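Student: Here is the input, now give the coordinates:
(5 chains, ligands or ions: 31)
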Amino acid sequence: MNTTRANTKRRKSKSLTAVKAGLPPGTLVHVGAVKTDHPLISLLAYDDDGIEEHRFESIAESRAYRPQHKRLWLNVYGLQDAEILGEIGRRFGLHPLVLEDILNTHQRPKIEDYGTYLYCVARVFEYDSATRTLSSDQVSLVLGENFVLTFQERRSGTFEPIRERMRVPGAPFLQHGTDYLAYTLLDAIVDQYFVIVDRLGDTAEDLEDDALASPTPALLKTINLVKHDTHLLRRAIWPLREVLNGLIRGESRFFSADTRLYLRDIYDHLVHVIETLDAVRELLGDLMDIYLSSVSNRLNVEVRILTVLTTLFLPATLITGIFGMNFEVMPLLAEDWGFPVAMGMMGSVALGMAAIFWRRNWLRI
Amino acid sequence: MNTTRANTKRRKSKSLTAVKAGLPPGTLVHVGAVKTDHPLISLLAYDDDGIEEHRFESIAESRAYRPQHKRLWLNVYGLQDAEILGEIGRRFGLHPLVLEDILNTHQRPKIEDYGTYLYCVARVFEYDSATRTLSSDQVSLVLGENFVLTFQERRSGTFEPIRERMRVPGAPFLQHGTDYLAYTLLDAIVDQYFVIVDRLGDTAEDLEDDALASPTPALLKTINLVKHDTHLLRRAIWPLREVLNGLIRGESRFFSADTRLYLRDIYDHLVHVIETLDAVRELLGDLMDIYLSSVSNRLNVEVRILTVLTTLFLPATLITGIFGMNFEVMPLLAEDWGFPVAMGMMGSVALGMAAIFWRRNWLRI
Amino acid sequence: MNTTRANTKRRKSKSLTAVKAGLPPGTLVHVGAVKTDHPLISLLAYDDDGIEEHRFESIAESRAYRPQHKRLWLNVYGLQDAEILGEIGRRFGLHPLVLEDILNTHQRPKIEDYGTYLYCVARVFEYDSATRTLSSDQVSLVLGENFVLTFQERRSGTFEPIRERMRVPGAPFLQHGTDYLAYTLLDAIVDQYFVIVDRLGDTAEDLEDDALASPTPALLKTINLVKHDTHLLRRAIWPLREVLNGLIRGESRFFSADTRLYLRDIYDHLVHVIETLDAVRELLGDLMDIYLSSVSNRLNVEVRILTVLTTLFLPATLITGIFGMNFEVMPLLAEDWGFPVAMGMMGSVALGMAAIFWRRNWLRI
Amino acid sequence: MNTTRANTKRRKSKSLTAVKAGLPPGTLVHVGAVKTDHPLISLLAYDDDGIEEHRFESIAESRAYRPQHKRLWLNVYGLQDAEILGEIGRRFGLHPLVLEDILNTHQRPKIEDYGTYLYCVARVFEYDSATRTLSSDQVSLVLGENFVLTFQERRSGTFEPIRERMRVPGAPFLQHGTDYLAYTLLDAIVDQYFVIVDRLGDTAEDLEDDALASPTPALLKTINLVKHDTHLLRRAIWPLREVLNGLIRGESRFFSADTRLYLRDIYDHLVHVIETLDAVRELLGDLMDIYLSSVSNRLNVEVRILTVLTTLFLPATLITGIFGMNFEVMPLLAEDWGFPVAMGMMGSVALGMAAIFWRRNWLRI
Amino acid sequence: MNTTRANTKRRKSKSLTAVKAGLPPGTLVHVGAVKTDHPLISLLAYDDDGIEEHRFESIAESRAYRPQHKRLWLNVYGLQDAEILGEIGRRFGLHPLVLEDILNTHQRPKIEDYGTYLYCVARVFEYDSATRTLSSDQVSLVLGENFVLTFQERRSGTFEPIRERMRVPGAPFLQHGTDYLAYTLLDAIVDQYFVIVDRLGDTAEDLEDDALASPTPALLKTINLVKHDTHLLRRAIWPLREVLNGLIRGESRFFSADTRLYLRDIYDHLVHVIETLDAVRELLGDLMDIYLSSVSNRLNVEVRILTVLTTLFLPATLITGIFGMNFEVMPLLAEDWGFPVAMGMMGSVALGMAAIFWRRNWLRI
Ligand SMILES: [Mg+2]
Ligand SMILES: [Mg+2]
Ligand SMILES: [Mg+2]
Ligand SMILES: [Mg+2]
Ligand SMILES: [Mg+2]
Ligand SMILES: [Mg+2]
Ligand SMILES: [Mg+2]
Ligand SMILES: [Mg+2]
Ligand SMILES: [Mg+2]
Ligand SMILES: [Mg+2]
Ligand SMILES: [Mg+2]
Ligand SMILES: [Mg+2]
Ligand SMILES: [Mg+2]
Ligand SMILES: [Mg+2]
Ligand SMILES: [Mg+2]
Ligand SMILES: [Mg+2]
Ligand SMILES: [Mg+2]
Ligand SMILES: [Mg+2]
Ligand SMILES: [Mg+2]
Ligand SMILES: [Mg+2]
Ligand SMILES: [Mg+2]
Ligand SMILES: [Mg+2]
Ligand SMILES: [Mg+2]
Ligand SMILES: [Mg+2]
Ligand SMILES: [Mg+2]
Ligand SMILES: [Mg+2]
Ligand SMILES: [Mg+2]
Ligand SMILES: [Mg+2]
Ligand SMILES: [Mg+2]
Ligand SMILES: [Mg+2]
Ligand SMILES: [Mg+2]
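Tutor: Ligands and ions are numbered 1, 2, ... in the order given. Modelled structure (predicted):
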């Protein structure tokens, strides 16, 4: 997640087109940036009787292990090792297209029902307020009768609070089925969106101040980049909403009626995030107007300065011209007090003009 | 409701993300600003035979009380005491997610059917025309077979006229079921929207005058803030419309066919408010055009002043330059009337120019 | 209808919020401007055998009257007398909400089926091209098995041509049921929309000429006011379209299949009016562009004048400066023809510049 | 079709409102411009055995004629003679509303099913690239079991190629039913749209060149007029699409399954025309941007000229001012080479400035 | 594909209108540019036992050939020879409208079910980044029980990788039905879209840099041309999405449930392409704002230069004017140090002004 947005954008498209074009479907090739050094497999088995946890550095290590609790949560950090995916796919009977989607980290969020399991893709985001950089990871989730598989691009703490809640001895959590676990995982993802949208909102408000203070074209480019980020976020969040809507209406047998009530809660949160995001987007749109009007205003100020200057100096210059003419007979020239009078004329014209400008508020630049 | 909009906006997002992220669902924590010192519980029981009213400062106080009329309206002002909510929830069998939503005062308006009761959320608004500040409270309503529960963030007078109508001896109101009470409560909320939209409309018209008189970028920022307020209002009103539509079509068994006719009346009012709000929004959008054109116009005026000045002084200055040249043989210089003639030339050129400008309306700044 | 738009706009919202808030539903209070001095009740009874007409100044007068033809058309001009409405409501069994809507003259157009009768609201408009003022009245129509009731805010001639057609002895009109009468009343209302949209279109074209000739911010305000009027009109016409669509698809038993063919004709007219109105709205939107470009163009012209002036005078002024320097040894100064030569230099530079401008079309201001 | 757009627009609305308001439905009055001197009736009867053709100058002429082939195509050019319409209506059992629509030539395209026949309205267009004028005629088509009636506003060649194809001896055309004839008539109308949209596209491209070369407000008005024309065209084409969609889905029994495949072909063409039209409309929208940016660019150029001039002359003028001062002790004034040195200073400052401008590309106006 | 866009655009519309207008439906005339010299027919027959390939230069050559494997893929490069199409049409029982659509290379993407086969049209694109030229070809695909026919406008390598995969001995591909072959063909087409959208995105980013560096109206025209290209692309991709949606929902019996899972994969890719394309389109829209603001900024800079110059020179010029006046009694003139003092005054005023500008950042042009 330490890549800048510009890099991400270009690299994504290049690799996508270079790697995929012409390959048969279901070929297990990792498409996307490698974001962790060593993949890690973590296993958590639980049921009403308790939980057990285990971590494996390789897929070979895990083969011998037999869990003692009946509900399974298998999580993989790091996707570059296609062999791991292949073996997990065979063990849990995953379709080649599912494995392909897990490895291709540019999926649009979706849920697909494969009969014996549900496959779900979502994105988690990170926003660096200092560099105004938004980065994102793909999270895949497979929900079966008694198992949940999750696949993340790097070692992240997104799901750590959930593990904490499961580790509490006698936690009511452990009595729920794997559908409830899947719900809490989705909930954790959606909760993060609030934080991101919040920071984007703060950035937008900062940009508003900049637009009023120093409207440069470079700022405009920044505004458009942030707008683009809100767009990316929206693309990741909107499809989730449709997906949840389907689950709530009971389209899938993998979620019990009771858990569906909780999905409705996530749905509410998603709608709230979307509405807040739209408000941020509108603010960014309004920024354009403020920016352009700020530019116009500065032009007005500059033309005004020019006009004030011209107004103050042109009459005075004319007066010096008049008394610089070479007529033999001219008033004042021969008088001792002629020069002070001429200077006074210049001064009073300038003062008169200044008074007019004062009343018009033109001297407050 | 005495917080300014800017404060509200920032505080909301901060608290939301800080408090909620990672908590298990159904945890009873109040999320939102504390808007009253002491919570207050008011009880109103009624049926065809009459009504009785009672107020409790604490939930403990209320435990011993047994109402003598069969229909119950329990109202809670102030949500910071999660214990009150917890006990009411247990007594009326409310789902933990309902209690969570009542306490989290940033809900989107909605109605949810929980089988034995209907849960409804709406927002009431207050608009301070002087500071152009919009603030809002969440109102929760639970409608059961023989009870209505309402939860408000502070002690407000929104429902007072309804209590007045119920207190009239032999009021036909008392013969209706609790669905009719729920209708009148919703009606009172919607009636307030008219007042708010009205004031926003007045503000928009004031801003229009400002845009013509003094188009500063700061004004533009104000316009966008008011636009943002209309947006907030719209977000609170639109979902209600969908909700009412569902109730009118008979989706819920909690409203009798007769009461549904009255819901249709609220629906009409909501549509009217939305249309008026949209007109205000369009006016605010048009303000941008008026603002920008007003800025352009001032630039024109300023360039025009510059042009008039240049036009009046440049020829005169040229004439003084000509008669300031040092040629030994030059006309006029030796004549007594040379100077007045030169001054006359300057004056007549200036007058001629002024006449042209007069016809072009350029002298009316 | 002699109120200006500005007045109408403010008075509507004020009265609406002041009068309605907190009143129980169905309270018979007239909400809206009083537009006629004395209410008037006109009765027209007809069937295959002929027609009879009668006018009553008060509701008491009408109690004794027994019509001899079986189909009834009762029309009320002026709504301020709630007693009239109350008695008519009781006689024809109207729901309190219907009476409330008739009296509250800010309804959105709609049709509601109350089982034994159909209640319909629409708006009629009047446009004063001179003051560019749009005003409107509400018309309510109740269609029962053998009666039609209409309620208008003032004495208007909208329905007079229909009475004329019914008065023709042996008119085929009289053999149709009251659904056909209701159709002709709606048709008369829709026909008026053509006239209004026409006049708004003429106004828009006049404004286009103004925008090219004299683009002032005040004109922009006028454009936006007219745009607002087209918006009001649209709000009154669009709902009617939906309403008619429902009737045509046979949603109501009050219109026979035969009369529904005629409703389809009104529907066509409504669509035509809406499309024409949208064209007017688009023209008004384009006006903004013409206006702004007209302003820009004037700025260009003014800067051009400034440039031409500067170009013509600066070189000449430089030449006078050169020959005004006090060097002891300078060419030309001592020659008799020096001055004319200097003047010639100034003239030829100015002429050369003018030639260049001529080719660039800069002298055609 | 020789009327200009402006005329058409005003005349349409005037006549529409003047003639129609208050008339009973079904009154046979021709509403629209009279576009041909003498109406003409042409009859074509055909079946598998061959065809016969006949032309009548009046309806009386046609009464005696008995066609010998069983499928009938009756075409009327010119609609001002309501008597013709009346008699045809009676002979073929047309509803009064159909006759009214045929005579009122401002119908929106539609298809209506009257049980024993189908009534269809469409518009044909003509575009004069020279005057940039779009004009249109209404074409009505009635399709019955064994007959097709067509009504055109003037004698046009739109359907001539179809007659040619029918006249070919033994043409397979003649074996199809009248639904196939109706299809070919619609196809001929839609084929013409390609030509019109093509020409509008060429006009838009011409306007683009004008916007870059000479951006005057008058051009902007022209752009908006062409935009308005594309709007008119769109209004005529879009409804046809819906209409065809309905026929293809088999909503009407008048088209056989086989002919519906051909209707699908027309539908494809319509969608293609609409997409091309939308591209033209987008191009016209972009023109606004090019126009405004072209105006801005010219302002920049003009201000640049002003700046260059000021920059070249102000320093020189200052130098002449310096050597024009009357100090008794000043350098250079007494030297023989003083004047050339001063002139050299002026020249070198001007050259230096010019060099700077050269590098900034400011001298390429 | 070597034609420029401008050419393509004009030629398309001209030929379309010239050739098609008035022709009977189903006439086999090639409409579009001829893009290859000699048509070529390539045949690939396959089943579980293996594959065979053959190429024919003419349709006559192919008549004698009898393939030994039961699944057939016939591909035609070059469409100008209507005879080839005619014979293939007769052999495979294609409807005349299908043949017409194959030959008319301006079809909108679509899928039509003709009972015994499915007809599908799509477009492949090529984008030349150097000349910023987008060109496209039409690809037609007919899917029957045991055959796939493809028709391309020129010899292209689009489908070569698929042939490679089929040639691998014992490839699992060969065991799938022709529906799987049709899927891989569509997949190859959609994969190419990624490459094109990628390049358009790069072009848009280049244009953004240009807009900041040198905002000329010509650049604006280029931006609009690229926008137009994204529009063309969108028109080709959107309909495919609808088409695939229908196939996935099982509307056609030609695709097995298993292959439909793969179609869902293409669908995902299409949505991804569309979203990326929309991001490019938004970037192009934002470019307008950057462009216009860049132009405004340059105007500000130019006016600022003018103001700085005027400010630096006007006071100095006034001072020279003062000391150039011809008063007999004036201070300083007679002093030896008078001239240096005057020069110092000019210098210090200029320095003071420069200091003010420095603080305002006006000297950084
Ligand atoms: Mg693939
Ligand atoms: Mg949550
Ligand atoms: Mg994404
Ligand atoms: Mg909740
Ligand atoms: Mg907002
Ligand atoms: Mg905006
Ligand atoms: Mg939660
Ligand atoms: Mg109300
Ligand atoms: Mg809200
Ligand atoms: Mg009402
Ligand atoms: Mg409005
Ligand atoms: Mg606007
Ligand atoms: Mg009420
Ligand atoms: Mg009518
Ligand atoms: Mg209204
Ligand atoms: Mg009609
Ligand atoms: Mg239009
Ligand atoms: Mg426009
Ligand atoms: Mg009529
Ligand atoms: Mg065609
Ligand atoms: Mg039309
Ligand atoms: Mg076709
Ligand atoms: Mg386009
Ligand atoms: Mg544009
Ligand atoms: Mg054809
Ligand atoms: Mg693919
Ligand atoms: Mg399109
Ligand atoms: Mg295309
Ligand atoms: Mg996939
Ligand atoms: Mg984007
Ligand atoms: Mg933009």
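Student: Please make it C-alpha for all contacts and neighbour counts, starting now.
Tutor: Will do.
Student: what residues are up against A:Ala316?
Tutor: Applying C-alpha atoms under 8 Å, 6 or more residues apart in numbering or on different chains, we find A:Ala316 in contact with A:Met345, A:Met346, A:Gly347, A:Val349, A:Ala350, E:Leu318.
Student: any chance of those residues in JSON lines, with secondary structure and neighbour count too?
Tutor: Listed next are those as JSON lines, based on DSSP: H, G, I helix; E, B strand; the rest coil; neighbours: other C-alpha atoms under 10 Å in any protein chain shown:
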{"residue": "A:Met345", "secondary structure": "helix", "neighbour count": "15"}
{"residue": "A:Met346", "secondary structure": "helix", "neighbour count": "20"}
{"residue": "A:Gly347", "secondary structure": "helix", "neighbour count": "15"}
{"residue": "A:Val349", "secondary structure": "helix", "neighbour count": "16"}
{"residue": "A:Ala350", "secondary structure": "helix", "neighbour count": "20"}
{"residue": "E:Leu318", "secondary structure": "helix", "neighbour count": "23"}
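Student: With distance to C:Val271 and pLDDT as new columns, can the residues you listed be given to me in JSON lines?
Tutor: Below are the contacts of A:Ala316 laid out as JSON lines (distance: C-alpha to C-alpha, whole Å; pLDDT from 0 to 100):
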{"residue": "A:Met345", "distance to C:Val271": "73", "pLDDT": "94"}
{"residue": "A:Met346", "distance to C:Val271": "71", "pLDDT": "94"}
{"residue": "A:Gly347", "distance to C:Val271": "71", "pLDDT": "93"}
{"residue": "A:Val349", "distance to C:Val271": "67", "pLDDT": "92"}
{"residue": "A:Ala350", "distance to C:Val271": "66", "pLDDT": "91"}
{"residue": "E:Leu318", "distance to C:Val271": "71", "pLDDT": "94"}
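Student: The residues you listed into CSV, with extra columns for distance to ligand 4?
Tutor: Shown next, in CSV, are those (distance: C-alpha to the ion, whole Å):
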residue, distance to ligand 4
A:Met345, 78
A:Met346, 76
A:Gly347, 74
A:Val349, 72
A:Ala350, 70
E:Leu318, 75
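Student: need the residues of the stretch 251-365 of chain A near ligand 5, please.
Tutor: Contact residues, the stretch 251-365 of chain A versus ligand 5 (C-alpha under 5 Å from the ion): A:Ala279.
Student: State which one residue of the stretch 251-365 of chain A is found closest to ligand 2.
Tutor: A:Ile266 (5.5 Å; C-alpha to the ion).
Student: And that residue, what's its pLDDT?
Tutor: A:Ile266 carries a pLDDT value of 94.
Student: ok, now how distant is it from A:Thr259?
Tutor: As judged by C-alpha to C-alpha, to the nearest Å, A:Ile266 and A:Thr259 stand 11 Å apart.
Student: With A:Asn104 instead?
Tutor: From A:Asn104 across to A:Thr259, the span is 30 Å (C-alpha to C-alpha).
Student: What of A:Glu282?
Tutor: Counting by C-alpha to C-alpha, the gap from A:Glu282 to A:Thr259 is 35 Å.
Student: just A:Phe323 next, same as before
Tutor: Note on A:Phe323: its distance to A:Thr259, by C-alpha to C-alpha, is 96 Å.
Student: Could you do A:Phe125 as well?
Tutor: 26 Å.
Student: so what pLDDT did the one residue in chain A that gets nearest to ligand 16 get?
Tutor: Distances between chain A and ligand 16 by C-alpha to the ion are smallest at A:Glu242, namely 43.1 Å. Listed pLDDT for A:Glu242 reads 90.
Student: chain center to the host helix or strand of A:Ser294, what's the gap?
Tutor: Using DSSP states H and E, A:Ser294 falls within helix A:257-323. For helix A:257-323, the separation from the chain centroid amounts to 22 Å (computed by C-alpha atoms, centre = their mean, to the nearest Å).
Student: what about it and ligand 30, touching?
Tutor: No: against ligand 30, helix A:257-323 shows no contacts by C-alpha under 5 Å from the ion, the least distance being 11.4 Å.
Student: now the angle from that helix to helix E:257-323?
Tutor: 20 degrees (axes from the mean of the first three to the mean of the last three C-alpha atoms, to 10 degrees).
Student: quick one: the helices in chain A?
Tutor: Along chain A, the segments classed as helices by DSSP state H run A:5-20, A:59-62, A:82-92, A:96-103, A:160-167, A:178-213, A:217-248, A:257-323, A:338-359.
Student: picking up where we left off before, quick one: which of A:Phe323 and A:Thr259 has more around it?
Tutor: A:Phe323 (24 against 18; other C-alpha atoms under 10 Å in any protein chain shown).
Student: Identify the residues contacting the residue nearest to the more buried one when sequence neighbours are not counted.
Tutor: With C-alpha to C-alpha, 6 or more residues apart in numbering or on different chains as the measure, E:Met325 is the residue that lies nearest to A:Phe323, at 5.0 Å, once sequence neighbours are left out. Applying C-alpha under 8 Å, 6+ apart to E:Met325 gives the contacts A:Thr320, A:Gly321, A:Ile322, A:Phe323, A:Gly324, A:Met325, D:Met325, D:Asn326.
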